[in-house]
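Engineer: Let's see this in three dimensions:
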Amino acid sequence: MTVLVIGASGQIGQFLLPRLTESGFDYLALSRRATGADPRWIRGGLPDAMPDLPPLRAVISLGPLDHLAPWLAATRLAGTPHLVATSSMSAETKRDSAVPAERELSRRLRDAETTLVATCASRGMPWTLLRPTLIYGAGIDKSLTPIVQAALRRRVFPLPAGHGLRQPVHADDIAAAVVAALGSPFARGKTFPIGGGERMSARELFRRARRSAGGATLPVPIPRLALRLATLVVPALRGPVERLDDDLVADNGELERVLDIHPRPFRPSPDTWRPRP
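Structural biologist: Below you'll find the predicted structure:
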């Protein structure tokens with residue numbers, strides 16, 4: 001039977017679809033921007049613009065978890081397809097954030113996870129959740145890529161002070177984990193944190209991003225006092241600035257033991273920061 005991929009046009013989906021083909025899976029790729037050029041692509045979106053679906057072997061959701069949960073709870077799928085969904089380590093790392101919007105995001109993620117697990121349990125559906133750290137690799141993320149691209153335009157690369165550990169994970173490694181979860185009975189009923197294969201300070205993360213940018217930029221260290229002043233001007237910076245000394249990492253032990261997935265270290269290149277063709 002077919003695998004449905006929700007959020008197929010996103011950064012993980014760009015790597016997942018080729019992996020599904022290589023592994024012999026037939027898939028339907030769902031996107032709000034789908035055209036008729038490839039019959040495997042279908043138009044739709046969560047939670048209230050979903051098309052009629054055939055019997056499915058699995059449902060892979062790479063989009064917002066709090067949109068997936070109400071749709072699944074209100075929908076009766078044929079059979080008991082395996083649900084594999086990406087959540088986020090923000091469910092834990094932002095639980096006690098000083099920023100109310102970030103605490104709310106953490107709560108929504110955890111509530112959505114609980115709803116999904118309960119729905120699957122009530123219907124006999126196997127489930128697997130992945131909680132990635134900072135995702136990069138397709139040139140369309142909303143975290144590192146905009147910083148690199150802005151630095152290339154302005155020829156100035158900010159290097160904020162920060163000693164907290166970071167563990168960026170490549171989107172293709174998450175795609176590999178999704179495929180591995182589909183094929184492993186031991187992945188059912190489990191939540192896997194997934195970070196990259198290397199931990200480094202936030203300061204080192206920005207240094208490597210600058211070195212890999214593919215153009216000359218002037219490194220500009222940003223002291224902590226300047227960062228705090230910036231949060232007064234741009235309140236949205238408060239959360240990221242306050243977390244610069246926090247460790248935002250994942251324990252890959254279960255991921256490696258159960259799924260045999262070993263994410264790559266953070267070794268970006270200029271192509272990392274460009275959208276894939």
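
Engineer: Buried ones in the longest helix anywhere in the chain, by neighbour count?
Structural biologist: Determined from DSSP state H, the single longest helix within the chain is helix 100-123. For helix 100-123, burial by neighbour count (16 or more other Cβ atoms under 10 Å) applies to 102, 105-106, 108-110, 112-113, 115-117, 119-120. Using the backbone N, CA and C atoms, a C-beta is placed for each residue, glycine as well.

Engineer: Which neighbours in the sheet does the helix or strand in which residue 159 is found have, and how are they oriented?
Structural biologist: Secondary structure assignment for residue 159, by DSSP states H and E: strand 156-160. With DSSP bridges as the test, strand 156-160 is paired with strand 218-222 (parallel).

Engineer: Would you mind measuring from residue 243 to residue 110?
Structural biologist: Separation of residue 243 from residue 110 (Cβ to Cβ, to the nearest Å): 18 Å.

Engineer: Residue 226: how many residues sit nearby?
Structural biologist: Per other Cβ atoms under 10 Å, the neighbour tally for residue 226 reads 13.

Engineer: quick check: angle from the host helix or strand of it to strand 218-222?
Structural biologist: Secondary structure from DSSP H and E places residue 226 in helix 224-233. Relative orientation of helix 224-233 versus strand 218-222 (axes from the mean of the first three to the mean of the last three Cα atoms, to 10 degrees): 80 degrees.

Engineer: Show residues contacting helix 224-233.
Structural biologist: 160-161, 237-238, 241, 244 (Cβ atoms under 8 Å, 6 or more residues apart in numbering).

Engineer: Swap in 6 Å and give it another go.
Structural biologist: 160-161, 237-238, 241 (Cβ atoms under 6 Å, 6 or more residues apart in numbering).

Engineer: Show me where the protein has its strands.
Structural biologist: 2-6, 27-31, 41-43, 56-61, 82-86, 127-132, 135-136, 156-160, 165-166, 169-170, 190-194, 200-201, 218-222 (DSSP state E).

Engineer: so which of those strands comes closest to residue 248?
Structural biologist: Proximity to residue 248 (Cβ to Cβ) singles out strand 165-166 among those, at 5.9 Å.
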